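[1] Curious how this folds, go ahead:
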Amino acid sequence: MPGLVKEGTIQVGGSDMHYVAFGKGTTPLVIIPGLGDGLRTVKGTGLLMWLIYRKYAREYRVWIFSRKNELEPGFTTREMAREQAEAMDKLNIQSAYIMGVSQGGMISQWLAVDHPQKVSKLVIVVSRSRQNETVQEVVGNWIKMAEQERYGELAIDTMEKAHTEKYLRKWRPFYWLVKRTGKPVSKERFLIQANSCLTHDAYGELDKIKCPTLVIGGGDDKIIGGPESQQEMADAIPHSRLILYPELGHGAYAEAKDFHTQVLDFLR
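    Numbers count the residues shown, from 1 in each chain. So this is what the prediction gives:
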């Protein structure tokens, strides 16, 4: 199966952008990952990405994109969406189903607003469309940890805030490994991406999204806030519906047993 996975690099905005592609289908499904991309790009993760998203490989050609390697200071989620559209053009992806997770969901909102011809269906996962105190506090603390190079603490705090106690009990024995692998490839790149989360505000333009949209969230999300985060986003996007997992948090996409089934049913 690893032989079916392609890892590639293209030039976008004057810098390299890494991507992973696999799947037997002809319809493109573009996945935009979250802020974890600021710590490490998808380069070298082809097999892992296939393991996570293999349920989509039978019906779709799956593309998973990182942000470009060298981001300019002050780079915004809207500018990241513009470069995502450029990357799709260069790979001859005229239109695709788009799934954005967390910060990737922020980028996907702008992609659907500014480049509607690129998005035939949209899935926004554990994200939000504008600021609140929870995002400012949590991401603000991650920025401080990164500035002080407390990378192990940053990695553990991310895990603790994203997942339920039941899930964490399985992972805490491996925190020693999480701490060792938590250092970002580029501190500056992570900080730019993290700050872009703190300035993201697409709420006033969500009514421009015309494609069918599925919003998925956790009711106990300690990173972006409670269920109102996803509810207000779904209410503002025409032709959208909301799936909420009340007992789960920011890691709902990893913990909900029917997550991929729900997404596949929507895409079909």
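[2] Secondary structure of Ala21: a strand, I assume?
    Yes: judged by DSSP: H, G, I helix; E, B strand; the rest coil, Ala21 forms part of a strand.
[3] pretty sure it is touching Arg61, no?
    Yes: with contact taken as CB atoms under 8 Å, Ala21 and Arg61 are classed as touching, separated by 6.8 Å. Using the backbone N, CA and C atoms, a C-beta is placed for each residue, glycine as well.
[4] Tell me the bridge partners for His18.
    Under the criterion DSSP bridges, His18 forms beta bridges with Thr9.
[5] can you count the residues close to it?
    His18: 20 surrounding residues under other CB atoms under 10 Å.
[6] Check Ile98 too.
    By other CB under 10 Å, the burial measure for Ile98, its neighbour count, is 30.
[7] Show me what counts as buried in the helix or strand in which it is found.
    Per DSSP states H and E, Ile98 falls inside strand 96-101. By neighbour count on 16 or more other CB atoms under 10 Å, the buried set for strand 96-101 is Ala96, Tyr97, Ile98, Met99, Gly100, Val101.
[8] Give the partner strands of it in its sheet and their orientations.
    strand 27-32 (parallel), strand 119-125 (parallel).
[9] In a markdown table, list those strands along with distance to His260.
    Below are the strands paired with strand 96-101 laid out as a markdown table (distance: least, CB to CB, whole Å):
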| stretch | distance to His260 |
| --- | --- |
| strand 27-32 | 12 |
| strand 119-125 | 11 |
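[10] Might you list the low-confidence residue ranges for the chain?
    Low-confidence segments of the chain (pLDDT under 70): 1-3.
[11] change it to 80
    1-3, 181-182 (pLDDT under 80).
[12] Name the SS class of Leu242, please.
    Taking three-state DSSP, the label given to Leu242 is strand.
[13] Tell me the spacing between it and Ile93.
    27 Å (CB to CB, to the nearest Å).
[14] Repeat that for His250.
    28 Å.
[15] Between these two, which is the more surrounded one?
    With neighbours defined as other CB under 10 Å, His250 and Ile93 compare such that His250 has more, 26 against 16.
[16] Quick check: that one touching Asp221?
    Yes: between His250 and Asp221 there is a contact at 4.9 Å, judged by CB under 8 Å.
[17] Now list whatever residues contact both of these two.
    Common neighbours of His250 and Asp221, counting by CB atoms under 8 Å, 6 or more residues apart in numbering, are Val126.
[18] so the residue lying closest to Pro116 once chain neighbours are set aside, which of the three states?
    Once flanking residues are discounted, Pro116 sits nearest to Lys210: 6.0 Å by CB to CB, 6 or more residues apart in numbering. Following three-state DSSP, Lys210 is assigned to coil.
[19] Can you report how many residues neighbour Lys210?
    By other CB under 10 Å, neighbour count at Lys210 equals 14.
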